[in-house]
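*Asks:* Provided below for reference: sequence and predicted model.
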Amino acid sequence: MHNDISGSTVWITGAGSGIGAAMARAFAAAGATVALTARSDGPLQQIADELVADGCRVLVAPGDVLSRTGLVAIAERIVAETGRLDILCNNAGMNIPQRRWADLDWGAWDQVLDVNIKGALNAIAAVLPQMRRQGAGIVINTSSWAGRFHSPTAGVAYGASKHALTDISASINSEEGAHGIRSTALCPAEVATPLLARRPGFEHATMGAMIQPEDMAEAALFVARMNPGVAVHEITLAPIHR
């Protein structure tokens, strides 16, 4: 069995660059309507203009994943304009330079935990009511290799937040399967994104050897097209070390 995603509605958070932007392009090319959310309107509009020029249907919905009421309003707008909300690509996330216990900065660490955990919870909570009404839905969470295995380079707060997100993803499969809702945690190692480029000590020349945002988009498409009776709980990806 194969899940036809053409005509579906896909909401992507963190859609302004990197993995989120690549997912927007991939799902739009597959025939889905894409709703794009990030804090800044400018990058979203650039991606939307590109996709609309290719004949794709796009909604631009700027917002902060830490605003619960704001995300609920966006979800309701998506449903009002498209009639459905089939897939959430829960992609918004962040990291910081202060990653080690020796660099403890509560303000910065709290920000990582809030965006990566509470932001993800807020987006999931916003889509579940509509997915339950439909009797179907897919949540694709951008977790991390650091959400599956300890990673000193990823940092304490980031690793903790992504471990939490991986478990949050599993909880959806445990509790919402009766409503036809399934969830996947994508757990990549290094992805060539602006977030990786800001990692302390990272060498930009190695970007080409990393997982590419388009690889993550292909993984998301694979999940979305899977037999609706199958939940792909986790996908771990890593670049080949040559």
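*Replies:* The structure has been received and is ready for your questions.

*Asks:* next SSE after the helix ranked longest in the chain?
*Replies:* In the chain, taking DSSP state H as the definition, the longest helix is helix 156-176. As assigned by DSSP states H and E, the chain's next helix or strand after helix 156-176 is strand 181-188.

*Asks:* could you dump that next one to CSV, C-alpha only?
*Replies:* C-alpha atoms of strand 181-188 as CSV (Å, rounded to 0.1, in the frame of the first residue of the first chain):
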residue,chain,number,x,y,z
ILE,A,181,-2.4,9.4,13.6
ARG,A,182,1.3,8.3,13.3
SER,A,183,4.6,9.9,14.1
THR,A,184,8.2,9.7,13.1
ALA,A,185,11.3,11.1,14.7
LEU,A,186,14.0,11.9,12.1
CYS,A,187,17.3,11.6,13.8
PRO,A,188,20.1,13.0,11.6
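
*Asks:* what's the angle between it and helix 156-176?
*Replies:* 160 degrees (axes from the mean of the first three to the mean of the last three C-alpha atoms, to 10 degrees).

*Asks:* heads up, I number from 24, so please use that
*Replies:* Understood, numbering begins at 24; the last thing we discussed is strand 204-211.

*Asks:* residues in contact with strand 204-211?
*Replies:* 151, 154-155, 159-168, 170-171, 185, 188-189, 192-193, 195-196, 199, 234, 238-239, 242-243, 246, 251, 253-261 (C-beta atoms under 8 Å, 6 or more residues apart in numbering). In this view, the C-beta of every residue, glycine as well, is placed from N, C-alpha and C.

*Asks:* mind running it again at 6 Å?
*Replies:* Contacts to strand 204-211, defined as C-beta atoms under 6 Å, 6 or more residues apart in numbering, come from residues 154, 160-168, 170-171, 189, 192, 195-196, 234, 242, 246, 254-255, 257-260.
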